[in-house]
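*Asks:* need coordinates for the following:
(2 chains)
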Amino acid sequence: MANTATRSFLQVAATEEATTPLRVVQIEGLVILKIIKHCKEFSPALVTGQLLGLDVGSVLEVTNCFPFPIREEDEEIEAEGANYQLEMMRCLREVNVDNNTVGWYQSTLFGSFQTVELIETFMNYQENIRRCVCIIYDPSRSNQGVLALKALKLSDSFMELYRSNNFTGEKLREKNLSWVDIFEEIPIKVSNSALVSAFMTELEADTPVTQCDYDRLQLSTSPFLERNVEFLIECMDDLSMEQQKFQFYYRNLSRQQAQQQAWLQKRRAENMARKNAGEEPLPEEDPSNPIFKPIPEPSRLDSFLITNQIANYCNQINGVAGQSFSRLYLMKALHEN
Amino acid sequence: MGSNEQTVLQFVPSPTSVSARVHPLVIFNICDCYVRRPDQAERVIGTLLGSVLPDGTVDIRNSYAVPHNESSDQVALDIDYHHNMLSSHQKVNPKEVIVGWFSTGTVTGGSALIHEFYSREVSNPIHLTVDTEFRSGNAAIKAFISVSLSLGDLQLAAQFQEIPLDLRMVEAEQIGFDVLKPTNVDKLPSDLEGMEASMERLLALIDDVYKYVDDVVEGRVAPDNKIGRFISNTVTSLPKLSPHAFDKLMNDSLQDQLLLLYLSSITRTQLSLAEKLNTAAQIL
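*Replies:* Residues are numbered from 1 along each chain as shown, chains lettered A, B, ... in the order given. As a prediction, this is how the structure comes out:
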């Protein structure tokens, strides 16, 4: 009786696990503070760290994290990094911290995180952890009173394509995958233990204005916008390079097809002549001929990522410009008063 | 007789570390450790990391818990664990060194023993207590240093002396208490929502000032010169610009922003166009 009950419970758990997609990432305030501390201390260098927590149904709880030392390109040091990671997790387990990797965090500068490396890291993590998430924090934006935290994951259809490493236009159209669908942003929830909440209530300063308000009402946004536009221009250059690659490819492709047609016509005429003369016709295909060698289609991954990046910059510019509008009108109203 | 006069019973104050400064992360971490403490444990203790600033203030920036066992007269600290964790932390940030130790609750008998251990790790360690049980009715966070009582050259005893503690809540403020305070926040505030909240607060403040000034003018409230000076300082801090110059400035920045908006929208249009063309070009 008890046995069947457990089994059915397990079955239920198993079926549930398979069906519920990841909906919310729930982060503890402690983790936010830790991430911000680490990213800020090393800014503008980019840093990463590991997220620990629990996977509960459709919610991924991130309850702790620890930073990685800045990585250097050296095998020995890399091995040491792995040791460090194990050691840290062992230590944290001893003080009852959730000992379960759920992803990693990394800092970014002006939101320029959509790189092939990010995808590669993601695939690495995904191999070991079924459900993982990447949290991105942008220290440059927090100076404007924005909590620039983002939780991302790769979409399933993209991962499938990436595994087969097949980014031709045909495949992409088949899957109906556009650049918007590479990353999925997952909404973030914040939770704090009751104890922390009590302490914060007690410690909250009495002043009606906080640092966050000062930052938000700061009128000067031009440095941020300037950098953003600079990055945007760089990305546009990259994109046009990618476009040229494709144009080159299509030009080559059409030239090759024309050559093939010409060759085929010649061969057919020849065969016709041979038939009339009563000889065996030659085959209509010649694999040894260089004009039949298929030209590899360049991967669209890069251009997808760049497009994503550009869209991101545009969003940021829009957001900041929107904020500036309200600030300017506020300023105007103040001045008129 | 002469030598007797020199023998004075006194506290030897430590010359350095006059005050301490705690970052909110440390409080959060200690609370988390306390919530996750082992079943029988009454309190958690751990190491504080940070640095000593040039002016002698101890800046406590990070912390980790160290497992320990405590009975009435002895304390067993997991020293291996402490050293492992320390070397791990130093790999990430070599600038953070041990500055002291923390404990939840208040100072107890065992504290002296632990403090002695940390004195061997670093000179003049700081002892931070966080009253997680709210025994005194509020969230008491206190910092102590050890001061030894001596009779001439003879060490008699040591006592914990409280030192001023500065809670650096600026970092927490930057994130916003509305995220860190409640036990559950459904959604992070977006750019514009945050802006709206800030503006509302500003508006409320301005209203308060108006009300106060009106009250003073009508004689309902006794005037306070200090507040008056603050208000006049604030008003004069607005740059004096002719309406014409101000309009020009305002319009210039508006146009800059509009231009950027235009540029970003045109880029987006280009992107969607390019995507359509890219997929269409396949059909040869």
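
*Asks:* could you break chain A into its assigned domains?
*Replies:* A:20-154+A:187-216, A:234-336 (automatic domain parsing).

*Asks:* would you turn the ones you listed into a markdown table with mean neighbour count, distance to chain B and mean pLDDT?
*Replies:* No exception for glycine: its C-beta is placed from N, CA and C like everyone else's. As requested, the domains of chain A are exported to a markdown table (neighbours: other C-beta atoms under 10 Å in any protein chain shown; distance: least, C-beta to the nearest C-beta, whole Å; pLDDT from 0 to 100):
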| stretch | mean neighbour count | distance to chain B | mean pLDDT |
| --- | --- | --- | --- |
| domain A:20-154+A:187-216 | 18 | 4 | 81 |
| domain A:234-336 | 15 | 4 | 82 |
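
*Asks:* without its sequence neighbours, what residue ends up closest to residue 52?
*Replies:* You didn't say which chain, so I picked chain A. In space, residue A:52 comes closest to residue A:64 once its chain neighbours are excluded; the distance is 4.5 Å by C-beta to C-beta, 6 or more residues apart in numbering or on different chains.

*Asks:* please refer instead to chain B.
*Replies:* Spatial nearest neighbour of residue B:52, chain neighbours left out: residue B:58 (5.5 Å); criterion: C-beta to C-beta, 6+ apart.

*Asks:* same question, residue A:172
*Replies:* For residue A:172, the spatially nearest residue (C-beta to C-beta, 6+ apart) is residue A:300, at 6.3 Å.

*Asks:* look up phi and psi at that neighbour.
*Replies:* The phi/psi pair for residue A:300 (degrees, to the nearest 10) reads phi -90, psi 0.

*Asks:* could you do residue A:195 as well?
*Replies:* Here is the backbone geometry of residue A:195 (degrees, to the nearest 10): phi -60, psi -50.

*Asks:* give me the three-state assignment for residue B:21.
*Replies:* Following DSSP: H, G, I helix; E, B strand; the rest coil, residue B:21 is assigned to strand.

*Asks:* wait, it sits on residue B:166?
*Replies:* Yes. If you go by C-beta atoms under 8 Å, residue B:21 and residue B:166 touch, sitting 4.4 Å apart.

*Asks:* more crowded one of the two?
*Replies:* Each of residue B:21 and residue B:166 has its neighbours counted (other C-beta atoms under 10 Å in any protein chain shown); residue B:21 has more, 17 against 13.

*Asks:* that older thread, turn the domains of chain A into JSON lines, including distance to residue B:43.
*Replies:* Shown next, in JSON lines, are those (distance: least, C-beta to C-beta, whole Å):
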{"stretch": "domain A:20-154+A:187-216", "distance to residue B:43": "13"}
{"stretch": "domain A:234-336", "distance to residue B:43": "46"}
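
*Asks:* who touches both of residue B:21 and residue B:166?
*Replies:* residue B:57 (C-beta atoms under 8 Å, 6 or more residues apart in numbering or on different chains).

*Asks:* how about the residue nearest to residue B:52, what does it touch?
*Replies:* Applying C-beta under 8 Å, 6+ apart, the residues near residue B:58 are B:17, B:19, B:20, B:21, B:50, B:51, B:52, B:99, B:100, B:126.

*Asks:* what subset of those is buried?
*Replies:* Applying 16 or more other C-beta atoms under 10 Å in any protein chain shown to these, the neighbour count classes B:17, B:19, B:20, B:21, B:50, B:52, B:99, B:100, B:126 as buried.

*Asks:* can you put those residues in CSV and add pLDDT?
*Replies:* Rendered in CSV, the data for the buried ones among the contacts of residue B:58 read as follows (pLDDT from 0 to 100):
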residue, pLDDT
B:17, 49
B:19, 83
B:20, 85
B:21, 85
B:50, 89
B:52, 86
B:99, 89
B:100, 88
B:126, 87
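
*Asks:* can you name the element that comes right after the longest helix along chain A?
*Replies:* Identified as the longest helix of chain A according to DSSP state H is helix A:222-276. Going down the chain from helix A:222-276, the next helix or strand is helix A:301-336, by DSSP states H and E.

*Asks:* contacting residues for residue 187?
*Replies:* This is for chain A. A:23, A:24, A:25, A:151, B:187.

*Asks:* hmm, no, I was thinking of chain B.
*Replies:* Residue B:187 neighbours (C-beta under 8 Å, 6+ apart): A:187, A:188, A:189.

*Asks:* and it, which of the three is it?
*Replies:* Classification of residue B:187 by three-state DSSP places it in coil.

*Asks:* also residue B:47?
*Replies:* Per three-state DSSP, residue B:47 ends up strand.

*Asks:* for it, give the beta-bridge partners.
*Replies:* residue B:64, residue B:101 (DSSP bridges).

*Asks:* residue contacts, it?
*Replies:* B:63, B:64, B:66, B:82, B:85, B:86, B:98, B:100, B:101, B:102, B:118.

*Asks:* and the third one, how far is that from chain A?
*Replies:* Distance of residue B:66 to chain A, given as C-beta to the nearest C-beta, to the nearest Å: 8 Å.

*Asks:* ditto for the last one
*Replies:* With distances defined as C-beta to the nearest C-beta, the gap from residue B:118 to chain A amounts to 18 Å.

*Asks:* what distance do you get for that residue to residue B:102?
*Replies:* Residue B:118 is 10 Å from residue B:102, where distance means C-beta to C-beta, to the nearest Å.

*Asks:* likewise for the fifth one?
*Replies:* Summarising the geometry, the distance separating residue B:85 from residue B:102, computed by C-beta to C-beta, is 14 Å.

*Asks:* neighbour-wise, which of the two wins?
*Replies:* residue B:102 (28 against 23).

*Asks:* so the closest residue to that one other than its chain neighbours bridges to which residues?
*Replies:* Leaving out its chain neighbours, the residue that sits closest to residue B:102 by C-beta to C-beta, 6+ apart is residue B:128, at 4.2 Å. With DSSP bridges applied, residue B:128 shows beta-bridge pairing to residue B:102, residue B:143.

*Asks:* run through the residues that contact residue A:275.
*Replies:* residue A:281.

*Asks:* distance of it from residue A:281?
*Replies:* In terms of C-beta to C-beta, residue A:275 sits 6 Å off from residue A:281.

*Asks:* residue A:221 now?
*Replies:* According to C-beta to C-beta, residue A:221 stands 74 Å off from residue A:281.

*Asks:* show me the domain layout of chain B.
*Replies:* Listed by automatic domain parsing, the domain ranges of chain B are B:8-173, B:189-268.

*Asks:* just how off-centre is the shortest one within its chain?
*Replies:* Translated: domain B:189-268. Distance of domain B:189-268 from the chain centroid (C-alpha atoms, centre = their mean, to the nearest Å) equals 29 Å.

*Asks:* tell me the pLDDT of residue B:49.
*Replies:* In this prediction, residue B:49 carries a pLDDT score of 90.

*Asks:* I figured it hits residue B:100, correct?
*Replies:* No. Judged on C-beta under 8 Å, residue B:49 makes no contact with residue B:100 at a distance of 9.1 Å.

*Asks:* mind listing the shared neighbours of those two?
*Replies:* Contact with both residue B:49 and residue B:100 is made by residues residue B:60, according to C-beta under 8 Å, 6+ apart.

*Asks:* can I assume residue B:178 is in contact with residue B:189?
*Replies:* Yes. Residue B:178 is in contact with residue B:189 according to C-beta under 8 Å; the separation is 7.1 Å.

*Asks:* with neighbour numbers in mind, choose between the two.
*Replies:* residue B:189 (18 against 15).

*Asks:* so where's the stretch 1-150 of chain B uncertain?
*Replies:* Low-confidence segments of the stretch 1-150 of chain B (pLDDT under 70): B:1-17, B:72.
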